[in-house]
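**Q** 3D model of this:
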Amino acid sequence: MNIKKIFLLVAWLVLPIIACKENSKLSNEETKRAKLIGKQKKTQSLRTKANSPEEQLAGFILPDGFSIELVASERDGIINPIDLTFDDAGRLWTQTGKMYPLDPVADIKWKDLLALMNDPEAQEENPEFKRILDLYRGETKGVDQILILSNLYDNSPVKAEVWADGLALPQSILPYKNGSYVAQGSEMFFLDDTNNDGKADTRVPLLTGFGITDTHTMAHVLVRGPGNWIHFSQGGLNKGEVSSVVSNAKVNIDYSKIARFSLDGKKLEVLSSGLNNIWGFQLKANGQWWGTEANDLGYAAVPLETGVGFKGIGNVRIRPYQPWMPELFDFRVGGTGLSGLAFAEDSEGSFPKEWKNVAFLANPITSTINAVRVVRNEDGTVSGEHLPDLLYSEDDWFRPVNMEFGPDGCLYIADWYNKIVSHNELPTTHPDRDKSHGRIWRIRHESQKLREIPNFYKVETKNLVDYLKSPSIWEKRAAWHQISDRSAKEVQELAPDLVTLALDKTQDEATRIVALWSLEAIHHFDKKIIDTFLESSKHTMRKEVIRSLTSFSLSADELANILEEFIEDSSPMVRSQVIRTLDEVGVANSRTIELLVRACKPELGGNDMGGPYERKLERYLARKTLENYPNQLYDYITSSEADKIPETNLIWASQALPTTQKESVFVALWEQSDIKKLDEPTFILIANMLTNKEVFSTVKPVLEAAENAVENVSFTLENLGRVQSDELTSLLVKPIQNLLQSPEESHQLLGLEAVGKLGINKLRSSVVSLIKDGSSDVTIELVMKALEDDSERNKELFEKLAKKEELSAELRVLAIRTIAKTDQFLASAILDAWLPKLDQVLQKQVISQLSKSNHGSLVLRKSFKNGLLDIEAFDLSSAERIYNLNTNDETGVEIMEAAKKQAEKEEKNFASKLEHFMSIAEKSTGNPSNGEQLFQVCLQCHRVGDKGYDFAPALDGSASRENEALLTAILNPDAAVENAFSLYRVVTKSGSNVEGFLVRNDSRGVTLGFMGGGETFIQSDDIRLSGHLGGRSFMPKGLIDNYSEEQVSDLLAYIRTLN
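**A** Numbering: from 1, shown residues only. This next block holds a predicted model:
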């Protein structure tokens, strides 16, 4: 069930492209038929021969009124196209991806790869890293090309010309003036055609240092935005310190991020964090940024405004207090490699009006173009509706990896055209990776009429403003580009016409906004435009004009005069933009500081869109912005001007101050307030100041108050990795004792959990008193974990529990493992008396649990020598832990060698096991209803829709996986595990081994997750060793080995319903 989540495809960027010949049109009935076919699609084609473009064309299925045309193919030099982008002459730019994949190190252990990811010097010394870095830096020539396609809009043959050669997997291109920006592996550079011969001849380095460990999503999707910025994304399994070659700008871009750099490459900054791989990224005509999550996960299309954060690989936030946007949709479009995003935004001459606000999603896993209607509402909520697919292909080599609407209003699609979908499902050197095909397609609607496509490089400057009124988004943006890029003297004369156009309320929103962008570009400030836009009923216009203020050199007072009213705007998008603008402008006074402090309102509770989440985002943005102005903030908070602001706002804002000032201000504010109960954010910030004795004594009454025990202890356990300290633990002893003595079982369990996780040994009597006749397994387990750190004192109790036959095996093992810490003889005696009664399945369970501590491993080694343990009961992980106790111990070596041989035997027998289960699967006779019950165990780690956990890849879209791939993941999860989901082991200084899914690893310690959603935090001071176990899955083996044929068939039948 370890379905690919992270790198399922050759992912890629933003495409726009090519000309037309043959058409394919089908009816709605055929479209419905395609939906049924799609449920049986494979994630890797079993067909060995590529279809010709004509054969492929015949297998496309679209709704009535739509047709698809071939624009170009391998016959024109289109090989594995990645990006599609149109220049201001309407020509289509793309590139080849012949060198994909270009992972620097193959067949490397995950922990070793992580070490290289974090060590640039080691990368330079590693021969393979160095070889690939030389390719990216241009020191060694590659074989990839950038192509320009022309003659797209008439009956002439498409002309494809090589504009740049000798490249190495350039993942994104963005034409600009006489050249193009290029994102290529570790480098971002500009290629220029200085002699106007139609070929790039000069390479200008701009940025360097991007991570390159995962080829399929490096820096990519370059998109030009207003304010002379270029925005881009980086994928989830790359890390690097990126620096400007032309300035001292430097920033860490780790895991999945949206970032931007200035056109001259001198400025660079991270904008948002999270998701896993963002292969679709677009700027809409109203100024909203949207993107896709490759694996969907409830984020088929999401707003990606500056400052937002999401869960994702690494779970790294821009600041520890950055909130995560909640899942937006219950539906899933299917598949795990959404690779392109496009919106039909032309006001006429493109797709019909009913396709407005529809996000088209390129889905190479299911060979479809999905459709989802998405709208960002005034209150911050996002409405979403999953629509029927726009396109389905019967040719399962169709791999749409990017899309872009072109100058003609048609939707252009980059088709990687490949037998293999998944990036990691087969070795990078597998011969079936096709490097000789590629197609570009174009979808049009029958209502579209031919357009004249202007060459904006040749349009006279005086005529550019008129083109801003065009119904074509491409024409609007081409005109905006030209206004931005031509000499200041030449375009300044356009200012009056641009002002008139921006003020014209008869024009549509897109026209007025692009006129505003043009005024920004020529640095023409007009107060009347600002006021008029701010009076608009459209929140997008208010937001855009507030954003535009960053392009003008306004004083703090001028900004305060404009923005004061809008920090309380009805739309959260406008309010948050006020904060972003105050951040970016770099100037502040008491008036602008007050606006930011006013935005530090308390949380509303929960994390839903439309209020709670937006409040969290505004608080985050305000605090982060205030960090830029510590002197002005301190002066404001300590002045009488702050008296009108609630203390709760001021306390949150004060966290932006340097430590000494922050703590002194906090104490003063606390003494002025009447706070009797803490919310979670305030609790966290207080917990991080408790080393200050004055803060400690000031908050002690509230933290020790019995009436606050449930909230304060819950906050602690939910945020252990952020708050745990000796000072906090000392303040929670009394409230935890109150919980233990409470008549409510839920309070008792909370108290027990706290005692165990905080290592409190002062409450023994209260803990022991909770073990009674009829105590639940949950209570007994928590009692043992609460007492295990003092095993000598509690040995009698643990002995009693270890011998209690009615207890579960798991609890008895825990008791034996604890006894072993102080009395090896007693632990061995209890275990040896118990082992003869156990079958091999239970022996495996006992060994797995006992071997997680050094003391338990010693007991196991002794029992094995006594002949009480079957050698086949030791799996590789258990044997490894016992062997690592003493690599020279004969018994440990014997166990390790036997486990290796057993693993080799299982690998050899895997084919026959797979064949057996394949025969069951291919009968397709199972009952999905019965299978749903069996599937519940999968939800202990995986997520489907809004059910389950995120400790393993989401299983949405599993219906699209072929039986062989699915069964391989179930039967042998180690063979299918993605590195990001491999088992993570922490060895503590006391000798314990803790294994689970890595949730977080920072300077405070490591947080691991377990099946069922549990988590544990191990402080850095307690860790001896930690790291991923490469090739070792978090998911247990043998999950269905003991299922009947009927059960297996039922389970697979249910999985096939997961679209």
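**Q** quick one, strands of the stretch 851-1000 of the chain?
**A** Along the stretch 851-1000 of the chain, counting by DSSP state E, counting those that start in this stretch, strands occupy 943-944, 947-948, 982-988, 993-1002.
**Q** would you list every one of the helices in the stretch 351-500 of the chain?
**A** 464-467, 473-485, 488-491, 495-503 (DSSP state H, counting those that start in this stretch).
**Q** ranking the ones you listed by mean pLDDT, which is last?
**A** Here the helices of the stretch 351-500 of the chain differ in mean pLDDT, and the lowest is helix 488-491 at a mean of 95.
**Q** Which neighbouring elements make contact with that helix?
**A** Using 3 or more Cβ pairs under 8 Å, 6 or more residues apart in numbering; DSSP states H and E, no helix or strand is in contact with helix 488-491. The way it works is simple: take the backbone N, C-alpha and C, and place the C-beta from them, glycine included.
**Q** Flag every buried residue along it.
**A** Val491 (16 or more other Cβ atoms under 10 Å).
**Q** Can you give me the buried ones in the longest helix along the chain?
**A** Longest helix in the chain by number of residues (criterion: DSSP state H): helix 890-921. For helix 890-921, burial by neighbour count (16+ other Cβ under 10 Å) applies to Thr891, Gly892, Glu894, Ile895, Met896, Ala899, Gln902, Glu906, Leu914, Phe917, Ile920, Ala921.
**Q** hmm, back to that, for the helices of the stretch 351-500 of the chain, give me a markdown table that also has distance to Ala815.
**A** Listed next are these as a markdown table, based on distance: least, Cβ to Cβ, whole Å:
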| stretch | distance to Ala815 |
| --- | --- |
| helix 464-467 | 79 |
| helix 473-485 | 68 |
| helix 488-491 | 79 |
| helix 495-503 | 75 |
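**Q** Mean neighbour count, these: which tops it?
**A** Counting by mean count of other Cβ atoms under 10 Å, helix 473-485 has the highest mean neighbour count of the helices of the stretch 351-500 of the chain, with a mean of 23.
**Q** which outside residues touch that one?
**A** Applying Cβ atoms under 8 Å, 6 or more residues apart in numbering, the contact partners of helix 473-485 are 86, 88, 90, 176-177, 224, 228, 285, 345-346, 405-407, 454, 456-457, 459, 461, 464-465, 467-468, 470, 491, 494, 498, 510-511, 514, 517-518, 521-522.
**Q** among those, which are in strands?
**A** Phe86, Tyr176, Arg224, Phe405 (DSSP state E).
**Q** out of the residues you listed, what pair is the most spread apart?
**A** Tyr176 and Phe405 (19.8 Å; Cβ to Cβ).
**Q** Those two: who's more crowded?
**A** Phe405 (24 against 20; other Cβ atoms under 10 Å).
**Q** okay, the more buried one: pLDDT?
**A** 99.
**Q** Report the helix or strand with the lowest average pLDDT across the protein.
**A** When the helices and strands of the chain are compared on mean pLDDT, DSSP states H and E, helix 28-38 comes out lowest with a mean of 38.
**Q** and the longest helix of the chain, average pLDDT?
**A** Per-region confidence: helix 890-921 scores 83 on mean pLDDT.
**Q** Now do the same contact list for Ser828.
**A** Applying Cβ under 8 Å, 6+ apart, the residues near Ser828 are Val859, Lys862, Ser863.
**Q** The first one reaches Ile816, doesn't it?
**A** In this case it means Val859. Yes. Counting by Cβ atoms under 8 Å, Val859 touches Ile816, with 7.1 Å between them.
**Q** what touches both of the two?
**A** Residues within reach of Val859 and of Ile816 at once, by Cβ under 8 Å, 6+ apart, are Ala827, Leu831, Leu850.
**Q** Quick one: residues contacting the residue nearest the centre of the chain.
**A** The centre of the chain sits closest to Leu275, judged by Cα atoms, centre = their mean, with a distance of 1.8 Å. Going by Cβ under 8 Å, 6+ apart, Leu275 touches Gly236, Ser256, Gly291, Glu293, Ala294, Tyr299, Val302, Phe310, Lys311, Gly312.
**Q** at 6 Å what do you get?
**A** Ser256, Glu293, Phe310, Gly312 (Cβ atoms under 6 Å, 6 or more residues apart in numbering).
**Q** In space, what's closest to the third one - neighbours in sequence excluded?
**A** Yep, that's Phe310 we're talking about. Leaving aside its sequence neighbours, Phe310 sits nearest to Gly274 (Cβ to Cβ, 6 or more residues apart in numbering; 3.3 Å).
**Q** From Arg575, how far out is the one you found?
**A** To Arg575, Gly274 is 22 Å away according to Cβ to Cβ, to the nearest Å.
**Q** Dump the C-alpha coordinates for stretch 722-729 into PDB.
**A** C-alpha atoms of stretch 722-729 as PDB (Å, rounded to 0.1, in the frame of the first residue of the first chain):
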ATOM      1  CA  ARG A 722       8.700  23.400  20.800                       C
ATOM      2  CA  VAL A 723       8.200  23.800  24.500                       C
ATOM      3  CA  GLN A 724       9.800  21.000  26.600                       C
ATOM      4  CA  SER A 725      12.200  22.200  29.300                       C
ATOM      5  CA  ASP A 726      13.000  21.500  33.000                       C
ATOM      6  CA  GLU A 727      11.400  24.800  34.000                       C
ATOM      7  CA  LEU A 728       8.100  24.000  32.300                       C
ATOM      8  CA  THR A 729       8.100  20.500  33.700                       C
END
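**Q** same question for that stretch, mean pLDDT?
**A** Mean predicted lDDT for stretch 722-729 stands at 96.
**Q** How about stretch 836-848?
**A** 90.
**Q** how far does it sit from the chain's center?
**A** Centroid separation for stretch 836-848 versus its chain: 39 Å, with Cα atoms, centre = their mean, to the nearest Å.
**Q** for stretch 405-423, same thing?
**A** On Cα atoms, centre = their mean, the centre of stretch 405-423 falls 23 Å from that of its chain.
**Q** and if you look at stretch 266-274?
**A** 15 Å.
**Q** Can you give the contact residues for that stretch?
**A** In contact with stretch 266-274 (Cβ under 6 Å, 6+ apart) are residues 244, 246-247, 249, 251, 256-261, 304, 306, 308-312, 317-318.
**Q** what's the first-to-last distance across stretch 461-470?
**A** Criterion Cα to Cα, to the nearest Å; first-to-last residue distance in stretch 461-470 is 16 Å.
**Q** Test my guess that Val221 contacts His231.
**A** No. When contacts are counted by Cβ atoms under 6 Å, Val221 is not listed as touching His231 (8.1 Å).
**Q** Kindly provide the distance from the closest residue to Ile78 other than its chain neighbours to Lys844.
**A** For Ile78, ignoring the flanking residues on the chain, the nearest one in space by Cβ to Cβ, 6+ apart is Gly438 at 4.2 Å. Counting by Cβ to Cβ, the gap from Gly438 to Lys844 is 50 Å.
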